[in-house]
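**Q** For reference, the sequence and a predicted model appear below.
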Amino acid sequence: MKSYPEPYHRAIQVASQKLSRLVATYPDLTPSFTEKGKWRLQQAGWTNWCEGFLGGALWMIALLTEEQQFREYAEHYSRLIEPRKTDRTVHDLGFLFLPTWGRWYQLDPNPSAGEVLIEAGKTLAERYQAKGGYLCSFQGAHSLYVDIMMNVPLVFEAARLSSDERLFQIAHHHCLTTRRYLVRGDFSTAHEGIFDPESGRFIRYQTQQGWRDDSTWARGHCWALYGFTLAYRYSGEGAFLSTAQGLADYYLLHTPLHGIPPNDWDEPQPAYPTESSAAAIAASGLLSLADCVVDAVRTKVYRQTAQQILTSLCSDQFLAIEEGWEGILRHGIYHLPAAVGVDESTIWGDYFFLEALWKVLCGVPNTF
Ligand code: GLY
């Protein structure tokens, strides 16, 4: 394996062992989170949104280790999810296709990968509610999730690859609507907006995985931080860059110095004080945002914060060094109110951890 400075080298070694074991023990399965450290083998439950993250993690570990076997696994696990490009039941096609086919296309811009991305992006765009100006969540036409900010880049990518102005406008409007209704004046975020689908009128906030309807669920906030950064990259829209900065500053202001937020910043004295997957998403998003901002001080602060998060995640507290624990990062949370996947590993946390390590160690600018 290629050599890296500590504490990163150990983390990549641990990750490569865990991923090798995962594909050998559960061939062709794409688990979402662990239960007492063992990958849960049934589908995600609630909604099927995680099937691209194992393939994405394999692309990342292939790039970090430069081991051919991982590249073969990465292509195989990407192919496994290709039929999902026409899945009209979820809003999560960006989560599925950007870490897999998007990465494949980025490394090797071949037309067949481009066609997969275009088709998946067009499918996602069908969720567009013209009256409200947003892509609706899997819950129905009335529901806008902040999470969709991390999926809408697939629509931008499909617009770019196919030069389709209509797709671009859908993606752009979705971001404007999310900014208007789900990002509050202090740059805290709401998880879900409920609309009247007939008129497109906003009715109220709601949460699914956060503390309260008016609180800030950390992972959703991190999807927005990273998503607005990518929306700025695709559109050049200055409002999206200033939104991403505001969201990043909120993260910095409200998170302890080790860099790992709780599940929800507003929950008083949380029983589980850290949500490692949100931190991994934030680290990767901050590294991309640092490449976009023009203010040198902000660039430095965002990079330092991302590195602090990674240092914490590489410590014995978060890196699952024990053999019997199957995930890479401990202390992640999937769905606290439903008591599902609490204080466990998550496949998306593992993926974004590796993505952030790749950005830091391989210095890849301007990438998702
Ligand atoms: N469904 C996306 C999330 O749990 O973050």
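**A** Cool, got the structure. Residues are numbered from 1 along each chain as shown.
**Q** Stretch 73-90 and the ligand, any residue contact?
**A** No: between stretch 73-90 and the ligand, judged by Cβ under 6 Å from any ligand atom, nothing touches; the nearest distance is 9.3 Å. Using the backbone N, CA and C atoms, a C-beta is placed for each residue, glycine as well.
**Q** Just the CA trace of that stretch, in PDB.
**A** Only the C-alpha atoms of stretch 73-90 are listed here, as PDB (Å, rounded to 0.1, in the frame of the first residue of the first chain):
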ATOM      1  CA  TYR A  73     -14.500  -4.100  -7.000                       C
ATOM      2  CA  ALA A  74     -15.400  -0.400  -7.500                       C
ATOM      3  CA  GLU A  75     -16.400  -0.900 -11.100                       C
ATOM      4  CA  HIS A  76     -18.300  -4.100 -10.100                       C
ATOM      5  CA  TYR A  77     -20.300  -2.400  -7.300                       C
ATOM      6  CA  SER A  78     -21.000   0.600  -9.600                       C
ATOM      7  CA  ARG A  79     -22.400  -1.800 -12.200                       C
ATOM      8  CA  LEU A  80     -24.600  -3.500  -9.500                       C
ATOM      9  CA  ILE A  81     -26.600  -0.300  -9.000                       C
ATOM     10  CA  GLU A  82     -26.900   0.800 -12.600                       C
ATOM     11  CA  PRO A  83     -30.600  -0.400 -12.900                       C
ATOM     12  CA  ARG A  84     -31.500   2.200 -10.200                       C
ATOM     13  CA  LYS A  85     -31.000   4.900 -12.800                       C
ATOM     14  CA  THR A  86     -34.700   4.700 -13.500                       C
ATOM     15  CA  ASP A  87     -35.800   4.400  -9.800                       C
ATOM     16  CA  ARG A  88     -38.700   6.900  -9.400                       C
ATOM     17  CA  THR A  89     -39.400   6.000  -5.800                       C
ATOM     18  CA  VAL A  90     -36.600   7.900  -4.100                       C
END
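**Q** can you list the residues of the stretch 101-250 of the chain near the ligand?
**A** Counting by Cβ under 6 Å from any ligand atom, the residues of the stretch 101-250 of the chain close to the ligand are D147, Q209, R219.
**Q** first to last residue in stretch 1-16, what's the distance?
**A** Separation of the first and last residues of stretch 1-16 by Cα to Cα, to the nearest Å is 9 Å.
**Q** same deal with stretch 181-191?
**A** Span of stretch 181-191 from end to end, Cα to Cα: 10 Å.
**Q** ok, the residue lying closest to T178 once chain neighbours are set aside - contacts?
**A** On the basis of Cβ to Cβ, 6 or more residues apart in numbering, the spatially nearest residue to T178 that is not a chain neighbour turns out to be M149, at 5.7 Å. By Cβ atoms under 8 Å, 6 or more residues apart in numbering, the contact list for M149 reads C175, T178, W223, A224, Y226, G227, F228, A231.
**Q** ok, of those, which one's closest to the ligand?
**A** Closest approach to the ligand among these (Cβ to the nearest ligand atom): W223, at 6.5 Å.
**Q** returning to that earlier point: among the contacts of M149, which ones are in helices?
**A** C175, T178, W223, A224, Y226, G227, F228, A231 (DSSP state H).
**Q** want to throw those residues into JSON lines with pLDDT, distance to Y351 and neighbour count?
**A** Below are the ones in helices among the contacts of M149 laid out as JSON lines (pLDDT from 0 to 100; distance: Cβ to Cβ, whole Å; neighbours: other Cβ atoms under 10 Å):
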{"residue": "C175", "pLDDT": "99", "distance to Y351": "23", "neighbour count": "30"}
{"residue": "T178", "pLDDT": "99", "distance to Y351": "23", "neighbour count": "28"}
{"residue": "W223", "pLDDT": "98", "distance to Y351": "13", "neighbour count": "28"}
{"residue": "A224", "pLDDT": "99", "distance to Y351": "18", "neighbour count": "31"}
{"residue": "Y226", "pLDDT": "98", "distance to Y351": "12", "neighbour count": "27"}
{"residue": "G227", "pLDDT": "98", "distance to Y351": "16", "neighbour count": "29"}
{"residue": "F228", "pLDDT": "98", "distance to Y351": "20", "neighbour count": "30"}
{"residue": "A231", "pLDDT": "98", "distance to Y351": "20", "neighbour count": "28"}
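**Q** between the residues you listed, which is nearest H258?
**A** Nearest to H258 among the ones in helices among the contacts of M149: Y226, at 20.0 Å, using Cβ to Cβ.
**Q** hang on, isn't that closest one packed against S288?
**A** Yes: Y226 is within contact range of S288, at 6.8 Å (criterion: Cβ atoms under 8 Å).
**Q** where along this structure do the strands fall?
**A** Applying DSSP state E to the chain gives strands spanning 34-35, 38-39, 128-129, 134-135, 143-145, 192-196, 201-206, 332-335, 340-344.
**Q** most neighbours per residue, which of the ones you listed?
**A** strand 134-135 (a mean of 28; mean count of other Cβ atoms under 10 Å).
**Q** Let me see the residues that make contact with that one.
**A** Contacts of strand 134-135 (Cβ under 8 Å, 6+ apart): 91, 124-125, 127-129, 144, 148, 151-152, 155, 170, 173-174, 177-178, 193, 195.
**Q** Now do it, average pLDDT.
**A** What strand 134-135 shows for mean pLDDT is 98.
**Q** Partner strands of that strand, with direction?
**A** For strand 134-135, the pairing partners within the sheet under DSSP bridges are strand 128-129 (antiparallel).
**Q** Now do the strand it pairs with, average pLDDT.
**A** The model assigns strand 128-129 a mean pLDDT of 98.
**Q** Check the offset of that strand from the chain's centre.
**A** 22 Å (Cα atoms, centre = their mean, to the nearest Å).
**Q** What ranges in this protein fall below the confidence cut-off?
**A** Scanning the chain for pLDDT under 70 picks out 43-46, 365-366.
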